[in-house]
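*Asks:* model the following, please.
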Amino acid sequence: MGLSKRVSSWSVEEVLEWVQDQHPTHTGTLQKAIIKHAISGRALLRLKDHQLELLGLEAEEQQQEIWQDLLLLRVQEEINELNDICSECFSS
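*Replies:* As a prediction, this is how the structure comes out:
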């Protein structure tokens with residue numbers, strides 16, 4: 001799944017697609033939690049590391065794998081926001 005669309009505007013279905021693409025071995029565990037809690041892109045970006053266990057990821061190694069990818073998504077979202085701000089500043 002490409003990041004052509006901002007993560008903060010992902011639907012629950014797009015979050016599920018991201019999990020399937022990035023962490024296929026955890027899809028079964030996370031799918032139910034994502035649907036049950038209606039985790040959209042905005043909610044995904046706001047997850048805290050301790051909440052991954054609450055979503056069904058018990059092994060610390062699993063949590064760390066997904067946590068790293070969540071951090072990368074956050075950085076990409078911040079870069080997109082900064083680019084928007086710079087574009088607005090320099091287009092005036």
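*Asks:* name the helices or strands packed onto the top helix by length along the chain?
*Replies:* When the chain is parsed with DSSP state H, its longest helix is helix 60-91. Where contact means 3 or more C-beta pairs under 8 Å, 6 or more residues apart in numbering; DSSP states H and E, helix 60-91 is packed against helix 41-46, helix 51-54. All C-beta spots, glycine's among them, are computed from the backbone N, C-alpha and C.
*Asks:* please identify the buried residues of it?
*Replies:* For helix 60-91, the neighbour count (16 or more other C-beta atoms under 10 Å) marks 62-63, 65-67, 70, 73-74, 77 as buried.
*Asks:* show me the shaky parts of this structure.
*Replies:* Residues of the chain that meet the criterion pLDDT under 70 lie in 1-3, 92.
*Asks:* residue contacts, the closest residue to N80 other than its chain neighbours?
*Replies:* Nearest-residue entry for N80: R6, 5.7 Å, with adjacent residues in sequence omitted and distances by C-beta to C-beta, 6 or more residues apart in numbering. R6 is in contact with 41, 77, 80, counting by C-beta atoms under 8 Å, 6 or more residues apart in numbering.
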